[in-house]
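J.: Fold the following, please.
(chains A and B)
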Amino acid sequence: MDINEIRYSRQHLFQPIGKTGQVNLGNSRVAIVGMGALGTALANHMVRSGIGFVRIIDRDFVEFSNLQRQMLYDENDAKNSLPKVVAAKAKLQKINSAITVDAHIADLTWKNAEELLADVDLILDGTDNFEVRYLINDIAVKHHVPWIYGGAVSARGMTTTIIPDKTPCYRCLFPEPPATGTTETCDTIGVIGPIIHVVAAYQATEALKLLLGDEQHVDTSLKSFDLWQNDYSAINVKNAKNKDCPTCVHHQYESLDPKQKTERFVSLCGRDTVQISPAKKVHLDLDQLAERLQSVGKVEQTPYLLRFFIDTYSFTIFLDGRVLIHGTGDKITAKNLYAKYIGS
Amino acid sequence: MKILFFATFREITKVKVLDMSSSDLSDIQQLLTLLIKRFPAFQDELFSDNNQLKPHIHIFVNGRNIIHLKGLSTPITNGDEIALFPPVAGG
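T.: Residues are numbered from 1 along each chain as shown, chains lettered A, B, ... in the order given. Next up is the predicted model:
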């Protein structure tokens, strides 16, 4: 018997999928933004269930504090500071070698979002901040691609499905992003593993329904969970559409066309880290940079990134020119350090 | 009317849902004033120093964000379902 016949036999038996649905899943394309806790759980479901093309996008590398909940990573990945998408792709291809896993070490911004998200059937949210969710929403509405929001922190989670032209968009539900520093993050109040899987399970199930075209069963309510408080709630948001929504009514895509295009320094909330994006598209010569930095501090190099330690700070430098400066949340300090060791 | 509390708001109310009569309440502002009287911690939780509703606080009346209705002047009546929550960020 064909290996895929055996592999997907339980989905063939599951009436809403069946053999025809399985073929449809095999022809489907999904992008997952963020390969942290939610992203790895989502990728696991997408790849195991036989989605033919799975694009994974993440800017970060694996750390030991990830292992408690980010299911595709292990101690070796953390020891080697592997970029998350590199580690994830290796695991995902072991799980299902027939799937195309298209891995991108990248920070999703207005510069690359259309290139990475406009050519898929569905976008899954595994991100950890609101800025990027408004960007995903802009792409989704502009290119008529459904997306599924998911968030988890502490033992609480939230998810909803956005289908452009059919449901309210994310900006209809939440018109303004919260001010910096006002939201709870996994790095400030913690998170437990199980809430990740609850949120990701809902997202993944809705994803299968959407990809199979079973819109009758798609749940578009805003769902909220608190596992520790034994709570599940669903708010009906069918009437939440803003008749004057800048995004889905007036088609003004603020995140895709930001007024401030030059903000290259971003403080990563709760992480004592500042991220610096390159001003122009570059491909760094890490060997050359390592040679230069070795004279002033300790340097560790992998094929994907360079780590540089100086005083109480450390730098993570990626091939695409992106730099994370750890040990400060202050942009000015980071700018000074960047100018001092990397140059502008 | 039913008031649903989520996330940190529950730590203040100690309950998930409150049933409140609307006889004296005609809009969201009045409801919040009453809530603050009952749970003083709501003042700092909901409002900034200049008495504006903090931007990460979302109040939905029957599934619609009050920002798209009449803000704090959004009318409420018996039978309405009102939800107070911040969206969840992490992932």
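J.: contacting residues for residue B:24?
T.: B:30, B:34 (Cβ atoms under 8 Å, 6 or more residues apart in numbering or on different chains). C-beta: built from backbone N, CA, C; applies to glycine.
J.: Does it belong to a helix, a strand or coil?
T.: Three-state call for residue B:24 (DSSP: H, G, I helix; E, B strand; the rest coil): coil.
J.: mind listing the helices for chain B?
T.: Remark: helices assigned in chain B by DSSP state H are B:8-13, B:28-38, B:42-46.
J.: Can you classify residue A:208 as helix, strand or coil?
T.: helix.
J.: Just put the helices of chain B in TSV and tack on mean neighbour count.
T.: TSV is the format used below for the helices of chain B (neighbours: other Cβ atoms under 10 Å in any protein chain shown):
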stretch	mean neighbour count
helix B:8-13	17
helix B:28-38	17
helix B:42-46	16
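J.: To chain A, which of those helices lies closest?
T.: Closest to chain A of the helices of chain B, according to Cβ to the nearest Cβ: helix B:8-13, at 6.9 Å.
J.: which residues sit against that closest one?
T.: Residues outside helix B:8-13 that contact it (Cβ under 8 Å, 6+ apart) are A:184, A:226, A:229, B:5, B:16, B:39, B:41, B:42, B:45, B:84, B:85, B:86.
J.: What mean pLDDT does that helix get?
T.: Across helix B:8-13, the average pLDDT comes to 88.
J.: go on, stretch A:110-126?
T.: 96.
J.: now the end-to-end length of that stretch.
T.: Using Cα to Cα, to the nearest Å, one end of stretch A:110-126 lies 18 Å from the other.
J.: Alongside chain A, which residues does chain B contribute?
T.: Taking Cβ under 8 Å from any Cβ of the partner chain as the measure of proximity, chain B contacts chain A at B:4, B:6-8, B:10, B:16, B:54-56, B:58, B:60, B:62-65, B:67-68, B:83, B:85-91.
J.: Just the buried residues of those.
T.: B:4, B:6-7, B:10, B:16, B:55-56, B:58, B:60, B:62-65, B:67-68, B:83, B:85-91 (16 or more other Cβ atoms under 10 Å in any protein chain shown).
J.: distance of the closest residue to residue A:277 other than its chain neighbours from residue A:85?
T.: Counting by Cβ to Cβ, 6 or more residues apart in numbering or on different chains, residue A:277 lies nearest to residue A:264, which is 4.8 Å off, once chain neighbours are set aside. As judged by Cβ to Cβ, to the nearest Å, residue A:264 and residue A:85 stand 22 Å apart.
J.: Which residue of the two possesses the greater neighbour count?
T.: Ranked by neighbour count (other Cβ atoms under 10 Å in any protein chain shown), residue A:264 and residue A:85 place residue A:85 first, with 27 against 17.
J.: Could you check the pLDDT of that one?
T.: The predicted local confidence for residue A:85 is 98.
J.: In a strand, it, correct?
T.: No - the assignment for residue A:85 by three-state DSSP gives helix, which leaves it out of any strand.
J.: and chain A, what are its domains?
T.: Using automatic domain parsing, the domain parsing of chain A gives A:3-235, A:265-341.
J.: Now residue A:222: phi and psi?
T.: When read as degrees, to the nearest 10, the backbone of residue A:222 gives phi -90, psi 110.
J.: which residues does it bridge with?
T.: Beta-bridge pairing for residue A:222 (DSSP bridges): residue A:235.
J.: and the gap between residue B:61 and residue B:82?
T.: 5 Å.
J.: anything in contact with each of these two?
T.: Contact with both residue B:61 and residue B:82 is made by residues B:28, B:76, according to Cβ under 8 Å, 6+ apart.
J.: one step back: closest one of the contacts of helix B:8-13 to residue A:11?
T.: Closest approach to residue A:11 among these (Cβ to Cβ): residue A:226, at 31.1 Å.
J.: Next, count neighbours for the closest residue to residue A:265 other than its chain neighbours.
T.: Spatial nearest neighbour of residue A:265, excluding adjacent residues (Cβ to Cβ, 6+ apart): residue A:331 at 4.6 Å. Residues lying near residue A:331 (other Cβ under 10 Å) number 18.
J.: Could you pull up phi and psi at residue A:331?
T.: Torsion angles at residue A:331 (phi, psi; degrees, to the nearest 10) stand at phi -70, psi -40.
J.: That one contacts residue A:273, doesn't it?
T.: No - with contacts counted by Cβ atoms under 8 Å, residue A:331 stays clear of residue A:273, the gap being 11.1 Å.
J.: Find residues that contact each of those two.
T.: Counting by Cβ under 8 Å, 6+ apart, the residues touching both residue A:331 and residue A:273 are residue A:267.
J.: Kindly indicate which of the contacts of helix B:8-13 lies nearest residue A:319.
T.: Of these, the one sitting nearest to residue A:319 (Cβ to Cβ) turns out to be residue A:184, at 32.7 Å.
J.: Now the strand or helix carrying residue A:48 - C-alpha only, PDB.
T.: Assigned by DSSP states H and E, residue A:48 belongs to helix A:37-49. Only the C-alpha atoms of helix A:37-49 are listed here, as PDB (Å, rounded to 0.1, in the frame of the first residue of the first chain):
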ATOM      1  CA  ALA A  37       5.200  28.300  20.800                       C
ATOM      2  CA  LEU A  38       2.100  28.700  18.700                       C
ATOM      3  CA  GLY A  39       4.000  28.600  15.400                       C
ATOM      4  CA  THR A  40       5.700  25.300  16.200                       C
ATOM      5  CA  ALA A  41       2.400  23.700  17.300                       C
ATOM      6  CA  LEU A  42       0.700  25.000  14.200                       C
ATOM      7  CA  ALA A  43       3.400  23.800  11.800                       C
ATOM      8  CA  ASN A  44       3.300  20.400  13.500                       C
ATOM      9  CA  HIS A  45      -0.400  20.100  12.700                       C
ATOM     10  CA  MET A  46      -0.100  21.500   9.100                       C
ATOM     11  CA  VAL A  47       2.700  19.200   8.200                       C
ATOM     12  CA  ARG A  48       1.300  16.100   9.800                       C
ATOM     13  CA  SER A  49      -2.100  16.600   8.200                       C
END
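J.: From the chain's centroid, how far away is that helix?
T.: In terms of Cα atoms, centre = their mean, to the nearest Å, the centre of helix A:37-49 is set 12 Å apart from its chain centre.
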